[in-house]
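K.L.:
here is my input, please return the structure:
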Amino acid sequence: MRIVLWVTFAASVVANVYVNNFAGLEGVAHGGALAGVAVVLVGSVVGLWRTKEKRGV
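P.N.:
Residues are numbered from 1 along each chain as shown. Predicted coordinates:
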């Protein structure tokens, strides 16, 4: 499961770079694309945090 979350995290970082530098979007389209990327990024980070190994109690 964690590998899927890592791949999703990496894909969202690449998508963020693409949207900001190469997509050519402006205004609301750019904001919507960034919001979508942010949702995926935050979701993958939360998933990684929730599935981390428990070390020492």
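K.L.:
residues of the helix or strand hosting Ala33 that come out buried?
P.N.:
Ala33 belongs to helix 27-50 when assigned by DSSP states H and E. Using 16 or more other Cβ atoms under 10 Å as the test for burial, helix 27-50 gives 33-34, 37, 40-41, 44, 47. For the C-beta atoms, the positions are set from N, CA and C on the backbone; glycine is no exception.
K.L.:
which of those residues sits closest to Glu26?
P.N.:
Distance to Glu26, by Cβ to Cβ, is smallest for Ala33 among these, at 10.5 Å.
K.L.:
could you pull up the residues touching that closest one?
P.N.:
19, 23, 25 (Cβ atoms under 8 Å, 6 or more residues apart in numbering).
K.L.:
most surrounded residue in those?
P.N.:
Val19 (18 neighbours; other Cβ atoms under 10 Å).
K.L.:
what sits against it?
P.N.:
With Cβ under 8 Å, 6+ apart, Val19 has these contacts: 25, 30, 33-34, 37.
K.L.:
how about the most centrally placed residue in the chain: what's its closest non-neighbour residue?
P.N.:
Centroid-nearest residue in the chain, with Cα atoms, centre = their mean: Leu41, separated by 2.0 Å. Excluding its sequence neighbours, the residue lying closest to Leu41 (Cβ to Cβ, 6 or more residues apart in numbering) is Ser12, at 4.1 Å.
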